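A.B. asks: Sharing a model that was predicted from the sequence below.
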Amino acid sequence: MLARIATRSSALKARSMAVRSFSVASVQQKDVVQELYLKELKAYKPAPAQVDESQVKDLKLPAAPAAPQVDADLAEQLAAYDKEPEEASQ
């Protein structure tokens with residue numbers, strides 16, 4: 001009798017295991033708030049920005065910088081530098 005109960009319980013377990021499965025065709029509930037938000041987001045058209053012409057200034061470029069002045073007596077300055085005594089630091 002014990003063998004009969006054991007076989008019957010194992011058969012029930014096998015049957016119950018086969019019956020359990022995930023339902024693929026379950027009804028999906030939509031998120032109403034998300035759908036409403038997406039609908040409003042898609043329908044949104046921003047108003048064109050109005051530019052007040054009195055606030056716009058004309059573009060004035062800065063003056064070009066002057067080229068640096070090179071000393072005309074550059075050769076004399078170099079000769080004077082060469083004539084200076086050398087200083088050795090210790």
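C.D. replies: Cool, got the structure.

A.B. asks: Tell me how many other residues crowd residue 76.
C.D. replies: 10 (other Cβ atoms under 10 Å). (C-beta placed from N, C-alpha, C; glycine too.)

A.B. asks: so it is in which element?
C.D. replies: Assessed by DSSP states H and E, residue 76 sits inside helix 74-83.

A.B. asks: Tell me the helix or strand right after the least confident helix or strand in the chain by mean pLDDT.
C.D. replies: Every helix and strand of the chain was ranked by mean pLDDT, DSSP states H and E. The lowest is helix 2-19, at a mean of 58. On the C-terminal side of helix 2-19, the closest following helix or strand by DSSP H and E is helix 32-43.

A.B. asks: could you say what helices and strands that following helix packs with?
C.D. replies: In terms of contacts (3 or more Cβ pairs under 8 Å, 6 or more residues apart in numbering; DSSP states H and E), helix 32-43 is not packed against any helix or strand.
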